[in-house]
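Chemist: Pasting the sequence and the predicted model now:
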Amino acid sequence: MSFFKDVFQGVENILRSSVSASSPIIVNKGANIDVVAGDIKIIDITLSSEDHDRKTSLINQFTSIDIFESINTPAIFCELTISDSVELQEQFPLIKEELITISFETPNNPGDPTRYVFHVRSINSNVINENQKTASYTITGVSPELLINKTAFVDKHFDDTISNMVKNIMEEKITTNKKVEVEKTVGIFPKKNIYNMLPFQAIHSLLRHAVSDRYLSHTFTFFENKHGYHFTTYERLIEQGRNRLSKGLSDKEFFYDMVRKEHIEDVNIRNIIAYNSVGGTDVLEKTASYVNTATAIDMQSAGQRQAVYVKNIGADKFQKMDDNGAATNSTGNVRAFGKTKRPTAFSILPIFSHDNKLSLVEAAAARDAFVEDLTNTVTQIHVYGDSDLTVGDMIKCNLPSASSFDDAAGSSRLDSGNYLITRLRHIILMGDRPQHTIALEIVKLNFTETA
């Protein structure tokens, strides 16, 4: 869990102190109810036995909820902090076989609650407060499918496409009721044997062998978000997200406003609370990616086959985040450093003779260049809660230029634009008025050139 906890730890501490110390910020006043930035309606927090015979509500006992999603992880994690004054563990002994159901909605999505189910993983940091007669501890949870994954093994001979292999593993070994979306791949893998591998491990091993019939990078990922499981390319997520935003099918546009608001009603739920540009690859890695080579070594015949990917002069052929997106590499720089005959970036791909008909080596050469571009701009932002957000979504961010620090007149033409959500952390704090914010890690494949 440390991988997730380290993300946005500093900004979370600031949030926790500010929420407990300040009054709510009203952003929209209605006739019967005030809508506040960060408002959340907790519908359900239920602890139940695995057979559902025993149940108890935790709504009155929780002090905070953290839910973690990642575009590189086929599971969702949670941490539920409890302040126990009713001897919950005496009445409902926790033996790490229980389920936790969490359901909530935010004002911008009324009637469309987000629901997560977790299997209890551990109970940590049990602290007794004798003065207040309470016990405080943290219950950590994981997607139930992760436990199924630990007890099922794939031992099978395949003669099929990668996409059909993934579907078969999910259907036969994981048997989840969640939606499973698998993007089509091309090429039959005859005599593909998978022995003694956990299902998620087996699927992960197939990522580098998957060849797309549509996207140049062939960069597949396998992850779980609030909608279910996805075996898909980054480029497909980018194209779908860009189209939704450009056609007005998504309203996920966020603004970083440097001007201090004089009136609390002027604060908007789409305001970015804080942001930090993490950066990404340095200039040496960036330049090295201009010419990539992949060498396939046949494990049966010891033969070799090589493919070279040279970044296109000008805009490349990868999917753009923005309709008017510009490549992160200038034409002159590519000409200067991309003309070497000896590739500067290498990858080795072990294959078998029956794989030779597939364009695996060409896919590997382009994939490395795409990954470098994708991680070239990494940003962290903190926004008010929106139950509709999940990893794999695309959002639009308006980030400030230097001039906007005084008058909010300008947005950065390079940094603003569409971003793909790669990590997400829901932060829900209980108080007189529950507060919900989300910490996001977002990436950008290209710059946005605007007038």
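Modeler: Looks like it came in fine. Bear in mind the structure is a predicted one, so any value in this text is a computation, not a measurement.

Chemist: CA only for contacts and neighbour counts going forward, please
Modeler: OK.

Chemist: Which residues does stretch 222-229 contact?
Modeler: 69-76, 114-116, 178-181, 203-204, 207, 230-232, 390-392 (C-alpha atoms under 8 Å, 6 or more residues apart in numbering).

Chemist: where does the stretch 251-400 of the chain have low pLDDT?
Modeler: The stretch 251-400 of the chain contains residues with pLDDT under 70 at 257-268, 279-316, 324-362, 364-365.

Chemist: Give the pairing partners of the helix or strand containing F118; include direction for each.
Modeler: Assigned by DSSP states H and E, F118 belongs to strand 114-129. If you go by DSSP bridges, strand 114-129 pairs up with strand 99-105 (antiparallel), strand 134-142 (antiparallel).

Chemist: From the recorded domain assignment, give the ranges for the chain.
Modeler: 2-144, 153-229, 283-374 (automatic domain parsing).

Chemist: any idea where the helices of this structure begin and end?
Modeler: Under the criterion DSSP state H, the chain carries helices at the ranges 2-5, 9-21, 88-91, 144-151, 162-169, 199-206, 234-246, 283-288, 331-337, 360-374, 404-407.

Chemist: Now the spatially closest residue to I269 that is not a sequence neighbour: phi and psi?
Modeler: Closest residue in space to I269, ignoring its immediate chain neighbours: A37 at 4.9 Å, by C-alpha to C-alpha, 6 or more residues apart in numbering. Torsion angles at A37 (phi, psi; degrees, to the nearest 10) stand at phi -60, psi 130.

Chemist: Surely A37 and Y384 touch.
Modeler: Yes - with contacts counted by C-alpha atoms under 8 Å, A37 reaches Y384, the gap being 6.2 Å.

Chemist: Need the residues touching each of the two.
Modeler: Common neighbours of A37 and Y384 (C-alpha under 8 Å, 6+ apart) are I269.

Chemist: who are the neighbours in contact with I139?
Modeler: 79-82, 120-124 are the contacts of I139 under C-alpha under 8 Å, 6+ apart.

Chemist: One more: N126?
Modeler: 135-138.

Chemist: which one of these sits closest to K156?
Modeler: Proximity of these to K156 (C-alpha to C-alpha) peaks at T138, which lies at 39.9 Å.

Chemist: pLDDT wise, what is that closest one at?
Modeler: T138 is assigned 92 on the pLDDT scale.

Chemist: what's the distance between it and Y229?
Modeler: 27 Å (C-alpha to C-alpha, to the nearest Å).

Chemist: now swap in L206 and tell me
Modeler: Taking C-alpha to C-alpha, one finds L206 at 16 Å from Y229.

Chemist: go on, H382?
Modeler: 25 Å.

Chemist: Tell me which stretches of the stretch 301-450 of the chain form strands.
Modeler: For the stretch 301-450 of the chain, the strands defined by DSSP state E, counting those that start in this stretch cover 304-310, 325-326, 345-351, 377-384, 394-398, 417-429, 435-444, 447-448.

Chemist: Isn't T138 up against I123?
Modeler: Yes - between T138 and I123 a contact is recorded at 5.7 Å, counting by C-alpha under 8 Å.

Chemist: Looking at those two, which is more packed in?
Modeler: Remark: of T138 and I123, T138 carries more neighbours, 21 against 17, as counted by other C-alpha atoms under 10 Å.

Chemist: nearest spatial neighbour of that one, skipping sequence neighbours?
Modeler: In space, T138 is closest to T81, 4.3 Å off (C-alpha to C-alpha, 6+ apart).

Chemist: what's the answer for K96, then?
Modeler: V120 (5.2 Å).

Chemist: So what's the residue count around that neighbour?
Modeler: Counted with other C-alpha under 10 Å, V120 comes out at 24.
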